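Peer 1: got a predicted model here, sequence first, then my questions.
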Amino acid sequence: MKKIWINCDTDDYGECWEVLANANEVDNYDVSSNGNRAVIKLVYETSDYVVVSILPAARKGYLEKEYSHTKRFYIKLSLMNGDPWFALSKQFYSREEALKFAELFTGLTKTQAMRVWQSKKLGAMETNVLEKY
């Protein structure tokens, strides 16, 4: 879902707030938590910089008593600007490795992230099917 930034200011009451909202909710944030209506409201588009998520790989089957892969994580990249593009790593990593990957992608645009993703051979993009072999 496309996200937007909303900056509001009450002017007379000295209140200002910023909201990361769904694009279709732009009118839902006109009033402060103290009940004062915004006098100034600025709406900003989100960028094509990637969002980096570290997803737990922990899982438990119906017949298993304990979770497996509890200390393993997948890397997922996505965008907030409405572009449905995403990338999900084909394998899981240790916590330390996952954090290194997260740092590697932080601050990159979609184009830059795609190049890095491909150079590191982290898997196919825009699929939830993780081809392991």
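Peer 2: Sure, I can see it. Since this is a predicted model, take the numbers as computed values, not measurements.
Peer 1: what residue ranges in this protein score low on pLDDT?
Peer 2: For the chain, residues meeting the criterion pLDDT under 70 lie at 132-133.
Peer 1: could I get the full set of strands for it?
Peer 2: Secondary structure of the chain (DSSP state E): strands at 3-9, 16-22, 40-45, 51-56, 72-78, 86-88, 93-94.
Peer 1: quick check: the gap between the residue nearest the centre of the chain and N28.
Peer 2: Geometric centre of the chain, nearest residue: V51, 3.7 Å, by CA atoms, centre = their mean. Per CB to CB, to the nearest Å, V51 is found 22 Å from N28. No exception for glycine: its C-beta is placed from N, CA and C like everyone else's.
Peer 1: do the same with K71
Peer 2: For K71, the distance to N28 equals 40 Å [CB to CB].
Peer 1: and stretch 4-17, how far out from the chain's middle?
Peer 2: The chain centroid and the centroid of stretch 4-17 are separated by 25 Å under CA atoms, centre = their mean, to the nearest Å.
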